[in-house]
Structures are given as C-alpha cells and as structure tokens.
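Peer 1: Build me a structure from this.
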Amino acid sequence: MQAFFLFILFVDPPGTVSPTFSDLAVYNGSWTVTSPKTMARPGKTDSLTNHCTQSTAYYSCEQVVNGKPLALMVFVPAESPLKYHTQPILPNGYAAGRGDLTIAGDHWTFLGKDTEGDKTTWYRTENYFTGRDKIHFEQFESTDNKTWKATNSGDEVRQKATVAH
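Peer 2: Numbers count the residues shown, from 1 in each chain. Have a look, this model is predicted:
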C-alpha cells in the first residue's frame, strides 16, 4: 500500500473542485469492482465507494470496500501538472508510504513501494479510463523496479444512482 498534515481552514465552497484537482474528482462515487482477486472472495464483485473532498492544498478520498473503511487516500500536487504525490492513511492511523500518480489523458499510473528490512517491493497500478464511468486496471509488482510481474487486473464500473419511488 501506499504524514501527518496541517488542516487548512480555507476550503472551496461545497461542490466545487479547483482546476488543480479536477481530474481526481472522477473517483468520487460508488463503483463495482470485478477481478480475479477481490476482497469479497474469488468470483464475487467488490463494492467500492470513494467519499472525496477537497481543501486548498489537498484532495482526499475515503475508500470504503464492501462497507469497511480501507484507507483515506490523500493527493498532493507534485512539481509538474498532472502529477500528484499520494499517501494512503489506514484506519489504524498509520500512513502506508508515499506514492506517485501520473495522469496522461485516460491512462493513469500509480507507483509506490514497501520496504521491510532490506527488502523493497515496488507496486504499479495502471488505470485506463473509458469515459468517466469505467476503469480497466492492471496491477504489477517488482523486486528491482525494472522487471514487473502482473498480479491482478479487472474493471471498475460506476454504480448508477437509484431513485426511490
């Protein structure tokens, strides 16, 4: 998986997203995740809900999978446009380690790493968007940050809001 930060007192009015974070707003909402490796169990789909919000300097999404909080993903603009540093914060309060997100049109690449002792494992997730309602993802791991092994792939489809009658 992928700091504590000061809370900014000034935020944009509710419902607005600054241009700095406008691309990230696509994550907000509920998604159905289909892949060989789901948290529900093989052959079942996962329900993913992102509760996203923006402050002056940060964009964050609380990620809830199958009704259980998984992480608070914090995005901070990096040195160049369409690049962000990421930091997942787990329900126990621990930060899982900084990662990076690069957006190139409909292709988004998340990079991160985990170090335990003298062993480092790099992680890469490639997201391919089809419009704002479908994401195909591919996940990879590497022990040398050069040779990558595919570990999972699947699709996320935005759940349509239902209206009570």
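
Peer 1: Quick one: list the elements packing against the helix or strand containing residue 102.
Peer 2: In the assignment (DSSP states H and E), residue 102 maps to strand 99-104. Secondary-structure packing of strand 99-104 (3 or more CB pairs under 8 Å, 6 or more residues apart in numbering; DSSP states H and E): strand 83-89, strand 107-116. Placement of C-beta: from N, CA and C, glycine included.

Peer 1: wait, which of those strands is closest to residue 76?
Peer 2: Residue 76 lies closest to strand 83-89 among those, at 4.7 Å (CB to CB).

Peer 1: What is the closest one packed up against?
Peer 2: With contacts defined as 3+ CB pairs under 8 Å, 6+ apart, the packing partners of strand 83-89 are strand 68-77, strand 99-104.

Peer 1: Let me have those in a markdown table, extended by mean pLDDT.
Peer 2: Converted to a markdown table, these look like this (pLDDT from 0 to 100):
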| stretch | mean pLDDT |
| --- | --- |
| strand 68-77 | 96 |
| strand 99-104 | 97 |
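
Peer 1: Out of those strands, which is closest to residue 129?
Peer 2: Using CB to CB, the nearest of the helices and strands packed on strand 83-89 to residue 129 is strand 99-104, at 9.7 Å.

Peer 1: How far off centre is the closest one?
Peer 2: Chain-centre distance of strand 99-104: 10 Å, with CA atoms, centre = their mean, to the nearest Å.

Peer 1: okay, that strand in CSV with CA atoms only?
Peer 2: Extracted C-alpha coordinates of strand 99-104, given in CSV (Å, rounded to 0.1, in the frame of the first residue of the first chain):
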residue,chain,number,x,y,z
GLY,A,99,3.5,7.0,-3.8
ASP,A,100,3.1,9.0,-7.1
LEU,A,101,0.4,9.3,-9.6
THR,A,102,1.0,10.5,-13.2
ILE,A,103,-2.0,11.3,-15.4
ALA,A,104,-1.6,11.1,-19.2
